[in-house]
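In: All I have is the shape, not the residue letters:
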Ligand code: AMP
């Protein structure tokens, strides 16, 4: 499968990995939009949030928990941050592998999209 995030999971392309466990891996976004910009993904290939099986719903909670942990490590837990999941074409999703963005370290826009 030609999926850039699956290739990061497989260690086939380099990434600045900040966290991983059996289910997820988190790495710095290659094109950061803020001082902290981390991508948190399931290791298993799920094309988008819309493809998430009901039985896998707890995965999103786990990803959010890891995002909180990474926000603490980045020193932005108190100042604030944003979690975002782009889904599908009009949702602005570019990489077709479910992922959550953790963005912070500067004042973010009060609008989404
Ligand atoms: P989205 O637009 O929500 O699909 O976000 C995809 C994100 O993946 C973008 O912010 C990209 O900069 C990021 N990205 C794409 N390829 C890589 C890579 N090889 N390593 C790290 N981040 C990447």
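Out: That came through, no problem. Everything quoted here is computed from the prediction, not taken from an experiment.

In: Contacts for the helix or strand encompassing residue 83, please.
Out: Secondary structure from DSSP states H and E places residue 83 in strand 81-84. For strand 81-84, the external contacting residues (Cβ atoms under 8 Å, 6 or more residues apart in numbering) are 36, 64, 67, 71, 100-105, 108, 112. For glycine as for every other residue, the C-beta is placed from the backbone atoms N, C-alpha and C.

In: quick check, it touching the ligand?
Out: No: against the ligand, strand 81-84 shows no contacts by Cβ under 6 Å from any ligand atom, the least distance being 7.2 Å.

In: what comes up buried for that strand?
Out: 81, 83 (16 or more other Cβ atoms under 10 Å).

In: Stretch 17-27 now?
Out: 18, 24-27.

In: can you give me the end-to-end distance of it?
Out: 4 Å (Cα to Cα, to the nearest Å).

In: Now find how far off-centre that stretch is within its chain.
Out: When distances are taken as Cα atoms, centre = their mean, to the nearest Å, stretch 17-27 is centred 10 Å away from the chain's centroid.
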